[in-house]
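K.L.:
Pasted the sequence and its predicted model underneath.
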Amino acid sequence: MPLTIFSDKVRFRYKSKNWQYQFDEIKELGLLKKKKKYFLENGAFIAVTAATYYCMLFSNLMDLYYIIPAILCYALIIAARFGNKDEFVYFVLVKDIYQNEIRTRIANKDRALVGKQIDYYLDLQFERSVKRTA
């Protein structure tokens, strides 16, 4: 379990990332979801399109011989883009009272477990604040 919650502290261990805080030191703890960016695939698509247009307008290739390599390149780009089904990247975000921020990338398969653990932490934090004010 990546997030271990004790009575007075919170410990996180995931792959090579480790941190530990007291309950009162954590200002914000949450799961951050970012959409993936496809700069490489989009750049390759633009490059293949530019090369195809160049061949079409400025070269002496006969009978559309440049179309077959262009279609093969488009197929490879599409396979690279849609071969990975993960659309989002997830991070555990921790902000403490000392103005430090820690972002730890987690795998998509561990997102549900870490999300439940963070929800449990937030419930405990809420109960502690209610007891303090009551």
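P.N.:
On my side now, so go ahead. Numbers count the residues shown, from 1 in each chain.

K.L.:
Would you mind pulling the contact partners of the longest helix seen in the chain?
P.N.:
In the chain, assigned by DSSP state H, the helix with the most residues is helix 111-133. Contact partners of helix 111-133, identified using Cβ atoms under 8 Å, 6 or more residues apart in numbering, comprise 1-3, 5, 10, 14, 23, 26, 29-31, 90, 92, 106. For every residue, glycine as well, the C-beta is placed using N, CA and C.

K.L.:
How much space separates the spatially most central residue of the chain from Ala70?
P.N.:
By Cα atoms, centre = their mean, the mean C-alpha position of the chain lies nearest to Val89, the distance being 1.6 Å. According to Cβ to Cβ, to the nearest Å, Val89 and Ala70 sit 31 Å apart.

K.L.:
Which stretches in this protein count as helices?
P.N.:
In the chain, the segments counted as helices under DSSP H are 39-58, 67-82, 111-133.

K.L.:
on that earlier part again, of all the contacts of helix 111-133, which two lie farthest apart?
P.N.:
Across the contacts of helix 111-133, the longest distance by Cβ to Cβ is 23.7 Å; it joins Phe23 and Tyr90.

K.L.:
So these two - more neighbours on which side?
P.N.:
More neighbours surround Tyr90 than the other of Phe23 and Tyr90, with 19 against 15 (other Cβ atoms under 10 Å).

K.L.:
Wait, that one touches Lys36, no?
P.N.:
No: applying Cβ atoms under 8 Å as the test, Tyr90 and Lys36 come out as separate, 10.9 Å apart.
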